[in-house]
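Undergrad: sequence-free structure coming up:
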Ligand code: NOJ
């Protein structure tokens, strides 16, 4: 599976391993320009708890100037589509100036827009158009490292006594030609690169062109907090924090323990014991949260936690760190296994903060292929939507998921754009497959651009595209739309408790979302055969279930829900 290094294995390596459509009481905070107004509902829910988030990979979403690469004006042109879909917040993967070694995750100026994506004026326009539609903008804050072309790093490497020397992690080698310790980069090779001018090594958890910032230096902290303020004032409502796990390293540079085997790059597998999830990260997050609270913003974290104990640490004591640490544990369930999903949902539901559910992103093989069996992928796509969009928590969608976009990895090494795919070929084919252009219509290049795009448009664009699916009442897209509309207007789906039912069922995941005296039942058939589920409604004080949304012939009669293969049934319970 596409090298499956794709961040799911990374997870294993790390440490070894419209604002809600419900009644609102609104108090306007005196926040800057674009930051969200302070809006909580009668029960104190924050805007981001009821919002549906949608990740946009800007290179691949919509190309307004037909140069083959998406841009901010392209995103602005699609806001009505997003609004109609039911999206309340867009997380835009990095769109800042960058040499694009890691497609924007190597930032050379934190306070500007890369010309390939447009200008600051384009951002301002996007922010104001989004605001008109009640859509929040979340930026991707690459906090662990900058580009080696950032002015801070250029100065840092210019001499051992430069002003910014200590903004990055510099060390002497162990001996001639020997890096300071055994740490390897997650993108292959040593995590240390020798700089000939000053004859010291700098540290980079990712590519050598992505030197790690030294967060032990208070000046780095201040500068980065100022970056956050700068974007909040310009209209951002929050940040997705990139690679938070790796902000700190052991100052004594202990060697990491070596595990058996080699990774896709031929390097020994390491337990990132001394360079990941160090406790100091929480001081930084608490500080950034204070900044974020000034603007009623939200912090989402790229947090590769191995269990709920670790996840809880990222919420912070009294929830003073990340509001939405991503629960990637959910993405590690790679088969339609009711037992595994139940276990994971229950775990996240017990977390100390508000759950966040993700099933795809720009680093992970798309859910359409992870769960699809090749024959029933559309039904399974609806099934998965039926799952992660009805759970208690904030869902984070990935562009194209709503139309059943398929992961389409390159078939030849010479076509690979993602550097890790070239280094790790053929075991690791990189992440191009999940980053292909959005499929808008069946015209050439999927309506994404009038020029050949930076990555080829998958052949499936001829049938899986927004224009065609909008017209088909049975499409994946229309299922998403109906489901999101329901989610936004149904109090039990927004706020209800998660109550698992029929926990021994080997084929069907069933649960209630119960809110005061109301409840919604969700029943999801994870098998390829018809299934019947007895809801035993009287046990829960109800007598019947009325369909709110169901696939195909799935329906309830009395206590029994009959589900077609991979069927979904969502019903309102009545007494
Ligand atoms: C995580 C991002 O999601 C990934 O795309 C990137 O390559 C690394 N962080 C490095 O920034």
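TA: Looks like it arrived, so ask away. Just so it is clear, the structure is predicted and the values come from calculations on it, not from any experiment.
Undergrad: quick one: contacts for whichever residue of the stretch 451-575 of the chain sits closest to the ligand?
TA: Nearest residue of the stretch 451-575 of the chain to the ligand (C-beta to the nearest ligand atom) works out as residue 455 at 14.6 Å. No exception for glycine: its C-beta is placed from N, CA and C like everyone else's. By C-beta atoms under 8 Å, 6 or more residues apart in numbering, residue 455 lies in contact with 60, 417, 432, 435, 436, 437.
Undergrad: change it to 10 Å
TA: 59-60, 68-69, 408, 410, 415-418, 432-433, 435-437, 448 (C-beta atoms under 10 Å, 6 or more residues apart in numbering).
Undergrad: and if you look at residue 57?
TA: 70, 91-94, 103-104, 140, 361-362, 398-400, 431, 434-438.
Undergrad: gap between the residue of the stretch 451-575 of the chain closest to the ligand and residue 511?
TA: 38 Å (C-beta to C-beta, to the nearest Å).
Undergrad: Which positions within stretch 523-542 qualify as buried?
TA: The neighbour-count check on stretch 523-542 (16 or more other C-beta atoms under 10 Å) flags 523, 524, 525, 526, 527, 531, 533, 535, 537, 542 as buried.
Undergrad: Next, give me the two most distant ones among the contacts of residue 455.
TA: 416 and 448 (19.8 Å; C-beta to C-beta).
Undergrad: what's the closest of the buried residues of stretch 523-542 to residue 384?
TA: When the buried residues of stretch 523-542 are compared against residue 384 (criterion: C-beta to C-beta), the nearest one is residue 524, at 8.7 Å.
Undergrad: pLDDT wise, what is the closest one at?
TA: At residue 524, the predicted lDDT confidence score is 98.
Undergrad: Buried ones among the contacts of residue 455?
TA: For the contacts of residue 455, buried by 16+ other C-beta under 10 Å: 59-60, 68-69, 408, 410, 416-418, 432-433, 435-437, 448.
Undergrad: Identify the residue spatially nearest to residue 349, adjacent ones excluded.
TA: Leaving out its chain neighbours, the residue that sits closest to residue 349 by C-beta to C-beta, 6 or more residues apart in numbering is residue 498, at 4.8 Å.
Undergrad: Now the stretch 301-450 of the chain against the ligand: closest residue?
TA: For the stretch 301-450 of the chain, C-beta to the nearest ligand atom, closest residue to the ligand: residue 363, 4.7 Å.
Undergrad: That residue - how many residues pack around it?
TA: Residues lying near residue 363 (other C-beta atoms under 10 Å) number 18.
Undergrad: and if you look at residue 309?
TA: Neighbours of residue 309 using other C-beta under 10 Å come to 10.
Undergrad: Would you check how far apart it and residue 352 are?
TA: For residue 309, the distance to residue 352 - C-beta to C-beta - is 10 Å.
Undergrad: ok, the closest residue to residue 552 other than its chain neighbours - contacts?
TA: Excluding its sequence neighbours, the residue lying closest to residue 552 (C-beta to C-beta, 6+ apart) is residue 564, at 4.4 Å. Residue 564 makes contacts with 379, 525, 529, 530, 531, 550, 551, 552, 553, 554, 555, as judged by C-beta under 10 Å, 6+ apart.
Undergrad: again with residue 172
TA: By C-beta under 10 Å, 6+ apart, the neighbours of residue 172 are 178, 179, 180, 199, 200, 201.
Undergrad: Under a three-state scheme, what state does the one residue in the stretch 101-250 of the chain that gets nearest to the ligand occupy?
TA: Residue of the stretch 101-250 of the chain nearest the ligand, by C-beta to the nearest ligand atom: residue 105 (3.3 Å). Per DSSP: H, G, I helix; E, B strand; the rest coil, the local secondary structure of residue 105 is coil.
Undergrad: From residue 430, how far off is it?
TA: In terms of C-beta to C-beta, residue 105 sits 13 Å off from residue 430.
Undergrad: Which residues are in contact with each of the two?
TA: Between them, residue 105 and residue 430 share no contacting residue, judged by C-beta under 10 Å, 6+ apart.
Undergrad: what's near enough to touch residue 314?
TA: So residue 314 contacts 241, 244-245, 277, 281-282, 285, 299, 301, 303, 305, 321-327, 351-353 (C-beta under 10 Å, 6+ apart).
Undergrad: Work out for me the element it sits within.
TA: Here residue 314 sits within helix 308-315, counting by DSSP states H and E.
Undergrad: Do I have it right that residue 75 meets residue 82?
TA: Yes - counting by C-beta atoms under 10 Å, residue 75 touches residue 82, with 8.7 Å between them.
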